[in-house]
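Asks: Build me a structure from this.
(chains A and B)
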Amino acid sequence: MKIRNYKDFWAGLLCAAFGLFFAVVGSQYRFGTAAKMGPGYFPTVLGCVVVVLGLLVTLTSMSPKAAQERVPAFAWKPLVLVLGAVALFGLLLNQLGLVLCIVMLVCVSSMASHEFTWKGTILNATALLVLCMTVFVWALQLQFPLWPNLTLG
Amino acid sequence: MDTLIANLGIGFGAVLAFEQVSLFGAAITMPMNVLYCFFGVVIGTLIGVLPGLGPVATIAMLLPATYSLPPLGGLIMLAGIYYGAQYGGSTTAILVNLPGETSSVVTCIDGYQMARRGRAGVALSTAAIGSFIAGCIGTFLLAAFAAPLSEIAFEFGPAEYFSLMVLGMIGAVALASGSLLKAVTMICIGLLGGIVGTDVNSGVSRYAFNTPELADGIGFVAVAMGVFGFAEVISNLAQGEKREVFTNKLTSLFPSREDIRRMLPPILRGSALGSALGVLPGGGAALAAFGSYSLEKKISKNKDEFGKGAIEGVAAPESANNAASQTSFIPLLTLGLPPNAVMALMVGAMTIHNIQPGPQVMTSNPTLFWGLIVSMWVGNLMLVVLNLPLIGMWVKLLKVPYRHLYPAILVFCCIGVYTVNNSTFDVLMTASFGVLGYLFHRLGCEGAPLLLGFVLGPMMEENFRRSLLLSRGDFSVFITRPLSLALLVATVVLIVIVAMPAISAKRQEAFQED
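Replies: Purely as a prediction, here's the structure:
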């Protein structure tokens, strides 16, 4: 058998791995009986179902009738910069405060664009900062740590 | 009929009610719900017009802004955002040839051609008029059928609910594009993700790995924003932009008498088809748009004009998708089951306001129920009245370059996720779902079934466990109860139909433009 649809091949394996994870962890909870199910019953059974479904997807990717498809290349640069900026926002918000975090989020994520310029980015960050401070902090009165908090180390 | 009018009266009363609010320290009396509706519609259109952000991501992003509102106000605003976003999507379809979402894909074909021939204004107003008429019909049907359907829903036991959810989820993916097998797998993964957290029956904390934040379950806002919002941004960045905007003067917005004569029958046919298909779970709106476009193409006297800017080709799909998006509230409001990803978010919003969606909402909370329905009509009216004059502003928005737009999307998403629980953990969670969403996207797996499964997971497990508890562990309960059996048979029929080679070829053809 030859893999024809690489997208489905990997998708199936990925799903099966998810199913396996849920089934294995789920089997550590009390299983119970059909009439009195424990917390482990539903996730373990469903996890096994997902494993079977995932393997089926992988199998069909090797059928001679499957459409030939390759996995498109990953856009690593936007992936890392965009999600990295978001993760940094989450990690640093309590220490650095909202103001610096917004500036950081805009600057880091903007580098993912191929039209990146420092001037445009700083203008954009300033505009967004003013907007967020007005809408979320002043008008909607949402609670944020606003400024760096260095006492916590 | 009398009760219908009385019920609509309750609704109008709730929507138009004046409330006293304090603004800048002064007490002012204002029709707050009308204002929420107005904000929802305007913000929805605003974000719907911006390219690369569909209604699911829009709603997920703006959900936190409605938390502080009263329940009715919050839901009215969300519904407004939903059809505002849909309306905005058709604007970009016509002016930029970029469908904001699947249901306006067909609008691109003739709408963009009309714009190229200098009739952008007429195309936009046709879409608006069609959407308004369809919205009125859809809202009326929703009001008329909601009560009798809720009556049926009271007959449902846990076994029926379980079977209905199976039908709903299979239906949701059967009518959408892509591989059925993969979509079902995605649903099941979503179901598993949904049950992370404390088990309500035993108090055992499942899949939480001693992380207190996970014991409450994974927030669906994090899933929706990660899988839809962030993954979309990354894909858009990878593609780079190619946009051609028709910014030259939008001359006349007003259709001629001939235009009106030609657009009315397609609008009515589109509304009828859309209302019927919208009730079905899943790709109701998209399917309705495709269906009504092919219908018009078949029966029109001006067949050769289709694809070159036929007004029927804008009127029919636009009214069909709007009617469908109205009637897709029917399963949500009567049965408590979301038929698509947007409605799944509405379920989440209702739970946050402590409203358990289902047939009991109508009796226990009639002002909320009828108020929401009436607000949809009010919202549709606002869309026509406000947006046609504002079209120039929306066009300007289209010129905002993406490099300035996407950091703004990220900032709003981060702030939105954080404010749900004031938790930075949720922000990190969203980033992880962004990775997962992008991975799935690259592998051709869809996010919508994942989100649907995610929201339904706890409900599904609960009903499964309860039905087997009642039947003392006998699995035949799902096929011995006639209603449940009928629902499961319908599911099987649906799978067989979709799997038939002739149909699956057609289905591929219909969705190949996505």
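
Asks: Farthest from the middle of chain A: give me that residue.
Replies: The centre of chain A is farthest from one residue, A:A35, which by C-alpha atoms, centre = their mean lies 37.0 Å away.

Asks: For that residue, report the pLDDT, please.
Replies: Note for A:A35: predicted pLDDT of 83.

Asks: now do B:M362
Replies: B:M362 is given a pLDDT of 78.

Asks: For the residue lying closest to the residue farthest from the centre of chain A once chain neighbours are set aside, grab the count of nearby residues.
Replies: Among residues not flanking A:A35 along the chain, B:G473 sits closest, at 3.3 Å (C-beta to C-beta, 6 or more residues apart in numbering or on different chains). Backbone N, C-alpha and C define where each C-beta goes, glycine included. Neighbourhood size, B:G473 [other C-beta atoms under 10 Å in any protein chain shown]: 14.

Asks: Tell me which stretches of the stretch 51-200 of chain B form strands.
Replies: Using DSSP state E, counting those that start in this stretch, the strands of the stretch 51-200 of chain B run over residues B:197-198.

Asks: any idea whether the residue nearest to A:A35 is helix, strand or coil?
Replies: coil (DSSP: H, G, I helix; E, B strand; the rest coil).

Asks: mind listing what it touches?
Replies: Applying C-beta atoms under 8 Å, 6 or more residues apart in numbering or on different chains, we find B:G473 in contact with A:T33, A:A34, A:A35, A:K36.

Asks: I'd say the second one and B:F475 touch.
Replies: Meaning A:A34. Yes - with contact defined as C-beta atoms under 8 Å, A:A34 and B:F475 form a contacting pair (6.8 Å).

Asks: okay, now the domains of chain A?
Replies: A:6-60, A:76-139 (automatic domain parsing).

Asks: Now render the contacts of B:G473 as a markdown table, adding distance to B:G434 and secondary structure.
Replies: Converted to a markdown table, these look like this (distance: C-beta to C-beta, whole Å; DSSP: H, G, I helix; E, B strand; the rest coil):
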| residue | distance to B:G434 | secondary structure |
| --- | --- | --- |
| A:T33 | 40 | coil |
| A:A34 | 39 | coil |
| A:A35 | 42 | coil |
| A:K36 | 40 | coil |
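
Asks: quick revisit: more crowded one of A:A34 and B:F475?
Replies: Neighbours were counted for A:A34 and for B:F475 using other C-beta under 10 Å; A:A34 has more, 15 against 11.

Asks: For the more buried one, which non-adjacent residue is spatially closest?
Replies: Excluding the flanking residues, the one nearest A:A34 by C-beta to C-beta, 6+ apart is B:G473, at 3.6 Å.

Asks: Let me know the pLDDT of that neighbour.
Replies: 83.

Asks: Over to B:K506?
Replies: According to the model, B:K506 scores 59 on pLDDT.

Asks: mind showing which ranges of chain A have poor pLDDT?
Replies: Filtered on pLDDT under 70, chain A yields the residue ranges A:1, A:140, A:150-153.

Asks: ranges for the helices of it?
Replies: Along chain A, counting by DSSP state H, helices occupy A:6-26, A:41-60, A:76-96, A:98-110, A:118-132.

Asks: Now the third one: buried residues?
Replies: In terms of neighbour count (16 or more other C-beta atoms under 10 Å in any protein chain shown), helix A:76-96 has its buried residues at A:78-83, A:85-90, A:92-93, A:96.

Asks: Now the stretch 151-300 of chain B against chain A: closest residue?
Replies: Of all residues in the stretch 151-300 of chain B, B:A238 sits closest to chain A, at 3.3 Å by C-beta to the nearest C-beta.

Asks: looking at it, that residue is touching A:A75, isn't it?
Replies: Yes - using C-beta under 8 Å, B:A238 makes contact with A:A75 at a distance of 3.3 Å.

Asks: Next, report how far stretch B:104-117 is displaced from the centre of its chain.
Replies: 22 Å (C-alpha atoms, centre = their mean, to the nearest Å).

Asks: same question, stretch B:272-279
Replies: Offset of stretch B:272-279 from its chain centre (C-alpha atoms, centre = their mean): 14 Å.

Asks: what's the answer for stretch B:387-396, then?
Replies: 23 Å.

Asks: From B:L191, how far off is the residue nearest to A:A34?
Replies: Distance of B:G473 to B:L191, given as C-beta to C-beta, to the nearest Å: 21 Å.

Asks: Please determine how far B:S325 is located from chain A.
Replies: Between B:S325 and chain A the computed distance is 28 Å (C-beta to the nearest C-beta, to the nearest Å).

Asks: Tell me which helix or strand that residue sits in.
Replies: helix B:312-327 (DSSP states H and E).

Asks: what about dumping the CA coordinates of that helix to PDB?
Replies: Taking C-alpha atoms only, helix B:312-327 is exported to PDB below (Å, rounded to 0.1, in the frame of the first residue of the first chain):
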ATOM      1  CA  GLU B 312     -31.300  37.400  -9.400                       C
ATOM      2  CA  GLY B 313     -28.000  35.800  -8.500                       C
ATOM      3  CA  VAL B 314     -27.500  38.300  -5.700                       C
ATOM      4  CA  ALA B 315     -31.100  38.500  -4.500                       C
ATOM      5  CA  ALA B 316     -31.800  34.800  -4.100                       C
ATOM      6  CA  PRO B 317     -28.700  33.600  -2.200                       C
ATOM      7  CA  GLU B 318     -28.600  36.700   0.100                       C
ATOM      8  CA  SER B 319     -32.300  36.200   1.100                       C
ATOM      9  CA  ALA B 320     -31.800  32.500   1.500                       C
ATOM     10  CA  ASN B 321     -28.800  32.700   3.800                       C
ATOM     11  CA  ASN B 322     -30.500  35.400   5.900                       C
ATOM     12  CA  ALA B 323     -33.700  33.400   6.300                       C
ATOM     13  CA  ALA B 324     -31.700  30.300   7.200                       C
ATOM     14  CA  SER B 325     -29.700  32.200   9.800                       C
ATOM     15  CA  GLN B 326     -33.000  33.300  11.400                       C
ATOM     16  CA  THR B 327     -34.600  29.800  11.400                       C
END
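
Asks: Low-confidence bits of the stretch 1-150 of chain B, can you list those?
Replies: Counting by pLDDT under 70, the stretch 1-150 of chain B contains low-confidence ranges at B:1, B:19-30, B:51-54, B:98-103.

Asks: Contact residues of it facing chain A?
Replies: Where proximity means C-beta under 8 Å from any C-beta of the partner chain, the interface of the stretch 1-150 of chain B facing chain A comprises B:A65, B:S68.

Asks: doesn't A:A11 make contact with A:V71?
Replies: No - in this structure, A:V71 is not within contact of A:A11 by C-beta under 8 Å, at 9.0 Å.

Asks: Mutual contacts of these two, please.
Replies: With C-beta under 8 Å, 6+ apart, A:V71 and A:A11 have common neighbours B:L443.

Asks: which one of the two has more residues nearby?
Replies: Taking other C-beta under 10 Å, A:V71 and A:A11 do not tie; A:A11 has more neighbours (26 against 16).

Asks: who touches the more buried one in this structure?
Replies: A:G54, A:V57, B:K182, B:F440, B:L443, B:G444, B:C445.

Asks: Can you tell me how far B:Y36 is from A:F21?
Replies: Taking C-beta to C-beta as the measure, B:Y36 falls 42 Å from A:F21.

Asks: Give me the neighbour count for A:V137.
Replies: A:V137 has 16 neighbouring residues, counting by other C-beta under 10 Å.

Asks: ditto for B:P70
Replies: Residues within reach of B:P70, counting by other C-beta under 10 Å, total 15.

Asks: One more: B:F154?
Replies: Applying other C-beta under 10 Å, we find 10 residues neighbouring B:F154.

Asks: Now the common contact residues for A:A34 and B:F475.
Replies: B:L468.

Asks: Look up phi and psi at the residue nearest to A:A35.
Replies: Dihedral pair for B:G473: phi 80, psi 10, per degrees, to the nearest 10.
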